[in-house]
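> Turn this into a model:
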Amino acid sequence: MALKQVLDVYERMDCESVSGKDIVALARTAGIQDAASITVKGPKGTTDFIKIRIPGKNGKQAGGTAPTLGLVGRLGGLGARPERIGFVSDGDGALAVVAAAMKLGLMAQRGDRLNGDIIIATHICPCAPTRPHHPVPFMDSPVEFHTTNEYEIDADMDAVLAVDTTKGNRIINTRGFAISPTVKDGYILRVSEDLLDLMQITTGRLPAVFAITTQDITPYGNGVFHLNSILQPSVATSAPTVGVAITTETPVPGCATGATHLVDVEMAVRFCLEVAKAYTNGQCQFYDAAEFALLQKLYGSLSHLQTGGGVK
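Next comes the predicted model:
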């Protein structure tokens, strides 16, 4: 159970002046030593990128061989001040991954260290802009998304869970969270059976999967429609990436306040924790490596979809 961590992080993030340094200080209370924040200025303001690393017993930091999982919280901002007062729906991704970090830190303090390292990354911006989007308005970001990927994707990540609010659409219409198919090097692969198993165990319900398109796995800024930014990490890494979408039954604007359902966030956090345990212990696969190799042999590389494109 991670509800206490979700509540603690929410109360800290629901503040007009919250900064990356505040989140780093909060992480320290959970015994986390490797946490840092950096302020980055973009065309529409500033934000604080944070990165937290929790070492495993047999992880890379200890010279071991266990794989490293990345938990990336995707968002435009925690708040849309001064346009809106309070924590916005778009902040759920950051809330989830920081709460997961807090729980992992506490687990390590109590002797329950994972086998491999976990890297948590997101950004903290209480005063982000908004922008029009159909069917409901989206939060914008103070920095460009290639900058976001630069600070949030780490070369040590062997697989990535990208957690994001995904409520402003009519593609996935269920309350709670859903996962995407695995994305790797421009390919949309089959949904991981291991992740489906962990999801139904975590939720006690049948797993939910949301549809994605080729557009969704191309970089922002290329002029094509994107469901949202949940799979933008996949354009910046060769690691298999899966979106963890915090969802609702009806379209909810990313800039809406009072729209964060803490029990849903907590459920997504527990899922991330269970994936972290299993993946770093070699008990969960994001994709079938042999089948991916066959796809590449048959159809070639699709890594050009990770670029801005261009006509030759």
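
> In contact with the nearest residue to Pro219 once chain neighbours are set aside: list those residues for me.
Excluding its sequence neighbours, the residue lying closest to Pro219 (CB to CB, 6 or more residues apart in numbering) is Val235, at 4.8 Å. C-beta: built from backbone N, CA, C; applies to glycine. For Val235, the contacting residues are 149, 217-219, 305-307, by CB atoms under 8 Å, 6 or more residues apart in numbering.

> Of those residues, grab the buried ones for ChimeraX.
Burial among the contacts of Val235 is assessed by 16 or more other CB atoms under 10 Å; the matching ChimeraX selection reads:
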select :149,217,218,219,305,306
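
> which one of the contacts of Val235 is nearest Ala178?
Using CB to CB, Ile217 comes nearest to Ala178 of the contacts of Val235, at 16.5 Å.

> Can you give me the distance of the closest one to Lys41?
According to CB to CB, to the nearest Å, Ile217 stands 28 Å off from Lys41.

> do Tyr287 as well
Distance from Tyr287 to Lys41, by CB to CB: 37 Å.

> the helices in this protein, which residues?
3-13, 20-28, 92-109, 145-152, 193-203, 262-280, 289-299 (DSSP state H).

> wait, what's in contact with Thr248?
Contacts of Thr248 (CB under 8 Å, 6+ apart): 167, 175, 259, 261.

> So what does it look like in phi/psi?
The phi/psi pair for Thr248 (degrees, to the nearest 10) reads phi -140, psi 170.

> That one and Thr213, how far apart?
Distance from Thr248 to Thr213, by CB to CB: 21 Å.

> For Ile119, grab the count of nearby residues.
Residues near Ile119, counting by other CB atoms under 10 Å, number 23.

> isn't it right next to Ile52, touching?
Yes: counting by CB atoms under 8 Å, Ile119 does reach Ile52; the two are 7.3 Å apart.

> Do you have the strands of the stretch 1-150 of the chain handy? List them.
Here the stretch 1-150 of the chain has its strands, by DSSP state E, counting those that start in this stretch, at 34-42, 45-54, 69-74, 118-124, 130-131, 138-139.

> returning to that earlier point: could you identify the most distant pair in the contacts of Val235?
Spatial extent of the contacts of Val235 (CB to CB) is set by the pair Asn149 and Leu305 at 14.6 Å.

> and the closest residue to Ile85 other than its chain neighbours, how far is that from Gly221?
In space, and not counting its chain neighbours, Ile85 is closest to Thr257: 6.8 Å by CB to CB, 6+ apart. Using CB to CB, Thr257 is found at 27 Å from Gly221.

> Comparing the two, which residue is more hemmed in?
Comparing Thr257 with Gly221 by other CB under 10 Å, the one with more neighbours is Thr257, at 16 against 11.

> how about the more buried one, what does it touch?
When contacts are counted by CB under 8 Å, 6+ apart, Thr257 touches 84-89.

> show me what contacts Gln61?
Contacts of Gln61 (CB under 8 Å, 6+ apart): 53, 55, 117.

> and the first one, bridged to which residues?
When you say that, I think you mean Arg53. Assessed by DSSP bridges, Arg53 has beta-bridge partners Asp34, Ile119.

> List just the nearest of the contacts of Val235 to Gly186.
Gly186 has its nearest neighbour among the contacts of Val235 in Leu305, at 3.6 Å by CB to CB.

> ok, back up a step: so which of the contacts of Thr257 wins on neighbours?
Within the contacts of Thr257, Val88 tops the neighbour count with 30 neighbours, counted by other CB under 10 Å.

> I figured that residue hits Ala80, correct?
Yes: under the criterion of CB under 8 Å, Val88 makes contact with Ala80 at 5.5 Å.

> Pull up the overlap in contacts between the two.
By CB under 8 Å, 6+ apart, the residues touching both Val88 and Ala80 are 139, 255.

> how near is the nearest residue to Thr122 once chain neighbours are set aside to Gly111?
Leaving aside its chain neighbours, Thr122 sits nearest to Gly73 (3.2 Å; criterion: CB to CB, 6+ apart). Going from Gly73 to Gly111 by CB to CB gives 27 Å.

> the more surrounded of those two?
Of the pair Gly73 and Gly111, Gly73 is the one with more neighbours under other CB under 10 Å, namely 28 against 6.

> that older thread, columns distance to Phe271 and mean pLDDT on top of the strands of the stretch 1-150 of the chain, output as JSON lines?
Converted to JSON lines, these look like this (distance: least, CB to CB, whole Å; pLDDT from 0 to 100):
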{"stretch": "strand 34-42", "distance to Phe271": "23", "mean pLDDT": "96"}
{"stretch": "strand 45-54", "distance to Phe271": "17", "mean pLDDT": "97"}
{"stretch": "strand 69-74", "distance to Phe271": "11", "mean pLDDT": "98"}
{"stretch": "strand 118-124", "distance to Phe271": "14", "mean pLDDT": "98"}
{"stretch": "strand 130-131", "distance to Phe271": "29", "mean pLDDT": "82"}
{"stretch": "strand 138-139", "distance to Phe271": "23", "mean pLDDT": "80"}
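
> Alright, that wraps it up for me.
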